[in-house]
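K.L.:
Show me how the following folds:
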Amino acid sequence: MPLSFKTIDVDGLEVFYRRAGDPSRPTVLLLHGFPTASHMFRDLIPQLDDRYDVVAPDLPGFGMTEQPARNRFTYTFENIAQVIDRFTEVLGLDKFAIYVFDYGAPVGFRLAVKHPERITAIVTQNGNTYLEGVSDAFVPVQAYWNEPTQANRDALRGFLAPQTTLFQYTHGVADPSRVSPDGRNLDDFYLARPGNDEIQLDLLLDYRSNVALYDTIQAYLRQHQPPLLVVWGKNDPFFIPPGAEAFKRDVPSADVRFVDSGHFALETHASEIAAAMRDFLAKHVG
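P.N.:
As a prediction, this is how the structure comes out:
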């Protein structure tokens, strides 16, 4: 099935998603991060859709998915995970592998903890769930967690600025000319929508709930030993290599690989990551 762009009603919220491949084949659910959307998977999807049913939603408040007002929807990672959980149910996705990146990790791992029987495999690309993976770049965010004042909230507005988006895309990349400007410009467009800044600041505050969940996620990994591929841009300024290596502590069979890139490793290493995924998924999913 060729790539399609659709929206679906999930309990009154319009969720946008991309889908490609044969729905009768094993499903791979791609979960994006901040500040991007399913557009980040534009180079990965065509390298998977000959074997798999590939589904990539935009999270609430991101991309083309509806952005309900904050008095209608409380922007927490738990609530976003509930929407994506229901999204999979509405689409009839009974079992699926997950690819999680950045914000997609706390969403996807919440699904895995809740429905371990539905998760066929996990690919985490710079999707952290260990304290040792959190860099000092989070210090201003942690200050807001510890003291959620308006001043500390306002101090984080720089995280939403175009120069920060550019930094996220290009830091640690050997040749920044290989990074298309399209993705970051699209991200900046979505960030500039009225009200989106406050949504993103709400999520930066709630990111502390993800750190609080690390022990639960690690217990899930130890108990269920899911097939696990860890692919990490080794120059990520936010989620650093010890966070990738830590997965082997809980899942000794995990395949941990590093690529010479930054946070958005797909921008420069989509083919390499896709090849690793195809080998991994063929072995564990079919």
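
K.L.:
Just checking, which helix or strand succeeds whichever strand or helix holds Val90 along the chain?
P.N.:
Val90 is located in helix 77-91, with elements delineated by DSSP states H and E. Under the assignment DSSP H and E, the closest C-terminal helix or strand after helix 77-91 is strand 96-100.

K.L.:
Tell me what angle that following strand forms with helix 77-91.
P.N.:
Orientation check (axes from the mean of the first three to the mean of the last three C-alpha atoms, to 10 degrees): strand 96-100 against helix 77-91 gives 140 degrees.

K.L.:
Listing partners with orientation, what would you give for strand 96-100?
P.N.:
With DSSP bridges as the test, strand 96-100 is paired with strand 27-31 (parallel), strand 119-125 (parallel).

K.L.:
so which of those strands gets nearest Tyr207?
P.N.:
strand 27-31 (15.4 Å; C-beta to C-beta). (Glycine included, C-beta is placed from N, CA and C.)

K.L.:
quick one: contacts of that closest one?
P.N.:
Strand 27-31 is contacted from outside by 38, 41, 44-45, 48, 52-57, 59, 84, 88, 93, 95-101, 103-105, 107-108, 281, 285, using C-beta atoms under 8 Å, 6 or more residues apart in numbering.

K.L.:
now those: which count as buried?
P.N.:
The neighbour-count test (16 or more other C-beta atoms under 10 Å) marks 38, 41, 44-45, 48, 52-57, 59, 84, 88, 96-101, 103-105, 107-108, 281, 285 as buried among those.

K.L.:
Look at Met1 and report its pLDDT.
P.N.:
We have a pLDDT of 79 for Met1.

K.L.:
Please apply the same query to Gly262.
P.N.:
Gly262 is assigned 98 on the pLDDT scale.

K.L.:
Might one say that it is in contact with Gly172?
P.N.:
Yes: applying C-beta atoms under 8 Å, one finds Gly262 in contact with Gly172, separated by 3.2 Å.

K.L.:
the more surrounded of those two?
P.N.:
Using other C-beta atoms under 10 Å as the criterion, Gly262 and Gly172 rank with Gly262 on top: 25 against 20.

K.L.:
How about the contacts made by that one?
P.N.:
By C-beta under 8 Å, 6+ apart, the residues touching Gly262 are 168-173, 233, 235-237.

K.L.:
Please enumerate the helices of the stretch 101-250 of the chain.
P.N.:
Using DSSP state H, counting those that start in this stretch, the helices of the stretch 101-250 of the chain run over residues 104-114, 139-146, 150-154, 162-170, 181-191, 196-212, 214-224, 241-245, 247-250.

K.L.:
Name the stretch among these that sits most buried.
P.N.:
helix 104-114 (a mean of 23; mean count of other C-beta atoms under 10 Å).

K.L.:
From the chain's centroid, how far away is the helix holding Val90?
P.N.:
Helix 77-91 sits 14 Å away from the centroid of its parent chain (C-alpha atoms, centre = their mean, to the nearest Å).

K.L.:
which other helices and strands contact that helix?
P.N.:
Where contact means 3 or more C-beta pairs under 8 Å, 6 or more residues apart in numbering; DSSP states H and E, helix 77-91 is packed against strand 4-10, strand 13-20, strand 53-57, helix 104-114, helix 196-212.

K.L.:
Just the buried positions in it, please.
P.N.:
Neighbour-count burial for helix 77-91, counted by 16+ other C-beta under 10 Å, picks out 77, 80-85, 87-88, 91.

K.L.:
can you list the weak-confidence ranges in the stretch 51-200 of the chain?
P.N.:
Scanning the stretch 51-200 of the chain for pLDDT under 70 picks out no residues.

K.L.:
From the chain's centroid, how far away is stretch 19-28?
P.N.:
19 Å.

K.L.:
and what of stretch 88-95?
P.N.:
Relative to the centre of its chain, stretch 88-95 is centred 19 Å away, using C-alpha atoms, centre = their mean.

K.L.:
Name the residues that touch it?
P.N.:
8-10, 26-27, 29, 55, 96, 111, 117-120.

K.L.:
Dump the C-alpha coordinates for that stretch into PDB.
P.N.:
Extracted C-alpha coordinates of stretch 88-95, given in PDB (Å, rounded to 0.1, in the frame of the first residue of the first chain):
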ATOM      1  CA  THR A  88      -3.800   1.900  18.200                       C
ATOM      2  CA  GLU A  89      -7.100   0.400  19.300                       C
ATOM      3  CA  VAL A  90      -9.200   2.500  16.900                       C
ATOM      4  CA  LEU A  91      -6.900   1.400  14.100                       C
ATOM      5  CA  GLY A  92      -7.100  -2.200  15.200                       C
ATOM      6  CA  LEU A  93      -3.400  -2.600  15.800                       C
ATOM      7  CA  ASP A  94      -3.400  -5.600  18.100                       C
ATOM      8  CA  LYS A  95       0.400  -6.200  18.100                       C
END
